[in-house]
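Chemist: sequence and predicted structure, then a few things I'm wondering about:
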Amino acid sequence: MSVQTKKTKLKKFLAFAPLILLYASTLNEFDFNYLNYKYFSFNFPFILIYYWSLKRSESLGYGSIFIASLFNDVVLGFPIGLSGLTYFIICGFAAYLRNITLRPDMVKDWLFFLLTILVATSINYFLLTTFFSVNVNYYDLTGNIFFTFLLYYLFSYIFDIYQRFVFKEQTND
Amino acid sequence: MATSRDDFVIAIRSAFLKKGNKQRFSLVALIIFSVVLIVLSRINFPAINYLKIGLNEVVYRVSFIVSLPEQQLNRSLIVINNHLNLYNDHDQLKEKFKSLRGKELDNEYLKFENERLRKIIDEYIINTDELVAKVLLDKESPFLRSIILNKGSKDKIRIGMAVLDGPYLVGKVVEVNYATSRVLLISDLNSKIPVILEPGDIQSIMSGSGKNKGQIQYFKTENTLNEKKIVFTSGSGGIFKSGIPIGEFNSGEEIKFFSDLSQLTFVKVVSFNKENN
């Protein structure tokens, strides 16, 4: 097998990486909670879904996001459909930003991400506390939003590099 | 002004109603579908419950496999920490061991005396059925503190059974599937356990705090809670038997659990039956 064919196969595999990461993160919910830092946790699927819906929506299909949301509901013990609604709100915000953006800017994407996760998490919190009488620690949730927002910048940078390598596209940021 | 509003409407319509590139579903259709699922979950629609049970069985197993690298990383961190603290831990354990040896004998005597006295006053003796289960998943999300066990209805696990780590209470079973079950940990905000604080015989309710600590709720204000107390289950409500140790209360309203809830690997699932005298 030539080196060129091997490279092509590797790139084909890597093209599925966002989807694999999404499933792995919803099944595993990796958020470094085991480090036991007070208030430190972040929501990796939020970052992943927002970034890829904004930059390359075909990488994560809405159907795949819906299946991942079902996994997340089961793993976290949420009512079925709750994570789906949250994820699709994020997709909607990202799609709206994509439609109105002529010249993409990393900082603008980042700030809009804060607005997006504030709205999505608020709806999630409202539904959990109001309809399902589940208590959620408000401070933990605020910490989660804050660190998710901060880490978006870092992950966005990493995903940009990954995109350039795999899809040979220059992101406009 | 009108133009900018039109632009906004067009962008929203395009984002939510139009199917994107290579997308099979429009966003608004999936949002509506999610809302329908939430409503059906809220009213406990049977089909949704079957869907959930089916998903649970598959997802818990897959999730266990996917979590293995993270669990390995977690275990490595614990091993490193244990090595670093080895000398101090050894000194502390030596001291504890000395005092515990004396207490153990006292304890045995009190246990026999207690059983004898209970029989005299015709109090029932509680018989315990135990089952050891492996922790498949340990989810410490900000939303829910729960663990998934590898035992389910096929192993006669029932909702409400107590879950112990050694002699200490760590939670109760809240969801049972065929081969797995979910345990709500005592640290979860939604966990409410009737407890008794000794010495002092103070009845109260312990609630989780979302962290590895519990909180004392609903106790009479005239009770003084300044000194160190041990928290046991009170047996009120008949869910658990009385006297299962939970944690230590020092001051304020916080309880430090005896068991480290983030390090559970095997637990005992216990049911209590009243044995006739």
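Modeler: Structure received. This structure is a prediction, so every number in the text was calculated from the model and none was measured. Residues are numbered from 1 along each chain as shown, chains lettered A, B, ... in the order given.
Chemist: ranges for the helices of chain A?
Modeler: A:3-15, A:17-28, A:44-55, A:62-76, A:82-100, A:106-130, A:138-166 (DSSP state H).
Chemist: including mean pLDDT and mean neighbour count, could those helices go into CSV?
Modeler: Yep, even glycine has a C-beta here, placed from its N, CA and C like the rest. Formatted as CSV, those follow (pLDDT from 0 to 100; neighbours: other CB atoms under 10 Å in any protein chain shown):
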stretch, mean pLDDT, mean neighbour count
helix A:3-15, 72, 11
helix A:17-28, 85, 20
helix A:44-55, 90, 24
helix A:62-76, 87, 21
helix A:82-100, 89, 23
helix A:106-130, 90, 16
helix A:138-166, 88, 16
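Chemist: which one of those lies nearest to B:Thr265?
Modeler: For the helices of chain A, proximity to B:Thr265 was assessed by CB to CB; helix A:17-28 is nearest, at 17.4 Å.
Chemist: can you name the residue of chain A nearest chain B?
Modeler: Here chain A gets closest to chain B at one residue, A:Gly81, 2.9 Å apart by CB to the nearest CB.
Chemist: what sits closest to that residue if chain neighbours are left out?
Modeler: Distances taken as CB to CB, 6 or more residues apart in numbering or on different chains place B:Leu37 nearest to A:Gly81, at 2.9 Å, with adjacent residues excluded.
Chemist: what helix or strand is the one you found located in?
Modeler: helix B:27-42 (DSSP states H and E).
Chemist: can you show me the CA trace of that helix as PDB?
Modeler: Extracted C-alpha coordinates of helix B:27-42, given in PDB (Å, rounded to 0.1, in the frame of the first residue of the first chain):
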ATOM      1  CA  LEU B  27     -33.600  22.100  13.000                       C
ATOM      2  CA  VAL B  28     -37.100  23.200  13.800                       C
ATOM      3  CA  ALA B  29     -38.500  19.700  13.200                       C
ATOM      4  CA  LEU B  30     -35.900  18.200  15.600                       C
ATOM      5  CA  ILE B  31     -36.600  20.900  18.200                       C
ATOM      6  CA  ILE B  32     -40.300  20.100  18.000                       C
ATOM      7  CA  PHE B  33     -39.600  16.400  18.200                       C
ATOM      8  CA  SER B  34     -37.400  16.900  21.300                       C
ATOM      9  CA  VAL B  35     -40.100  19.000  23.000                       C
ATOM     10  CA  VAL B  36     -42.600  16.200  22.300                       C
ATOM     11  CA  LEU B  37     -40.200  13.700  23.900                       C
ATOM     12  CA  ILE B  38     -39.800  15.900  27.000                       C
ATOM     13  CA  VAL B  39     -43.600  16.200  27.300                       C
ATOM     14  CA  LEU B  40     -44.000  12.400  26.900                       C
ATOM     15  CA  SER B  41     -41.300  11.800  29.500                       C
ATOM     16  CA  ARG B  42     -43.000  14.200  31.900                       C
END
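Chemist: and the angle from the helix or strand following that helix to helix A:17-28?
Modeler: Once the chain leaves helix B:27-42, the next helix or strand it forms, by DSSP H and E, is helix B:46-66. Helix B:46-66 and helix A:17-28 are oriented at 100 degrees to each other (axes from the mean of the first three to the mean of the last three CA atoms, to 10 degrees).
Chemist: is the helix or strand following helix B:46-66 anywhere near chain A?
Modeler: Going down the chain from helix B:46-66, the next helix or strand is helix B:68-84, by DSSP H and E. Yes. Using CB under 8 Å from any CB of the partner chain, helix B:68-84 reaches chain A at B:Glu70, B:Asn74, B:Leu77.
Chemist: what segments of chain B are strands?
Modeler: With strands called from DSSP state E, chain B shows them at B:125-140, B:145-149, B:162-165, B:168-176, B:181-185, B:192-198, B:202-208, B:213-217, B:229-233, B:245-249, B:254-257, B:266-275.
Chemist: just the buried residues of the last one, please?
Modeler: Neighbour-count burial for strand B:266-275 flags B:Val267, B:Lys268, B:Val269, B:Val270, B:Ser271, B:Phe272 (criterion: 16 or more other CB atoms under 10 Å in any protein chain shown).
Chemist: which stretches of the stretch 101-250 of chain B have low pLDDT?
Modeler: B:122-128, B:139-143, B:219-225, B:238 (pLDDT under 70).
Chemist: coming back round to it: and the strands of chain B: which comes nearest chain A?
Modeler: strand B:125-140 (4.3 Å).
Chemist: you'd agree the residue of chain A closest to chain B is up against B:Leu30?
Modeler: No. A:Gly81 sits out of contact with B:Leu30 when judged by CB atoms under 8 Å, with a separation of 10.3 Å.
Chemist: could you find the closest non-adjacent residue to B:Phe25?
Modeler: A:Tyr62 (5.0 Å).
Chemist: returning to what we had before: Serialize the strands of chain B to JSON lines and add fields for distance to chain A.
Modeler: Shown next, in JSON lines, are those (distance: least, CB to the nearest CB, whole Å):
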{"stretch": "strand B:125-140", "distance to chain A": "4"}
{"stretch": "strand B:145-149", "distance to chain A": "6"}
{"stretch": "strand B:162-165", "distance to chain A": "15"}
{"stretch": "strand B:168-176", "distance to chain A": "7"}
{"stretch": "strand B:181-185", "distance to chain A": "6"}
{"stretch": "strand B:192-198", "distance to chain A": "10"}
{"stretch": "strand B:202-208", "distance to chain A": "9"}
{"stretch": "strand B:213-217", "distance to chain A": "11"}
{"stretch": "strand B:229-233", "distance to chain A": "20"}
{"stretch": "strand B:245-249", "distance to chain A": "17"}
{"stretch": "strand B:254-257", "distance to chain A": "14"}
{"stretch": "strand B:266-275", "distance to chain A": "17"}
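Chemist: closest one of the residues of helix B:68-84 next to chain A to B:Asp129?
Modeler: Nearest to B:Asp129 among these is B:Asn74, at 31.6 Å by CB to CB.
Chemist: pLDDT at the closest one, what is it?
Modeler: B:Asn74 carries a pLDDT score of 78 in this model.
Chemist: do the one 10 residues further on as well
Modeler: B:Leu84 is assigned a pLDDT of 89 by the prediction.
Chemist: burial of it, as a residue count?
Modeler: 10 (other CB atoms under 10 Å in any protein chain shown).
Chemist: for the residue nearest to A:Gly81, give me its contacts.
Modeler: A:Ile80, A:Gly81, A:Gly84, B:Ile48 (CB atoms under 8 Å, 6 or more residues apart in numbering or on different chains).
Chemist: what domains does the record give for chain B?
Modeler: B:26-66, B:82-123, B:192-261 (automatic domain parsing).
Chemist: so what's the backbone phi/psi at B:Asn150?
Modeler: With angles defined as degrees, to the nearest 10, B:Asn150 sits at phi -90, psi 20.
Chemist: which single one of the buried residues of strand B:266-275 is nearest to B:Pro167?
Modeler: Nearest to B:Pro167, judged by CB to CB, of those is B:Lys268 at 9.1 Å.
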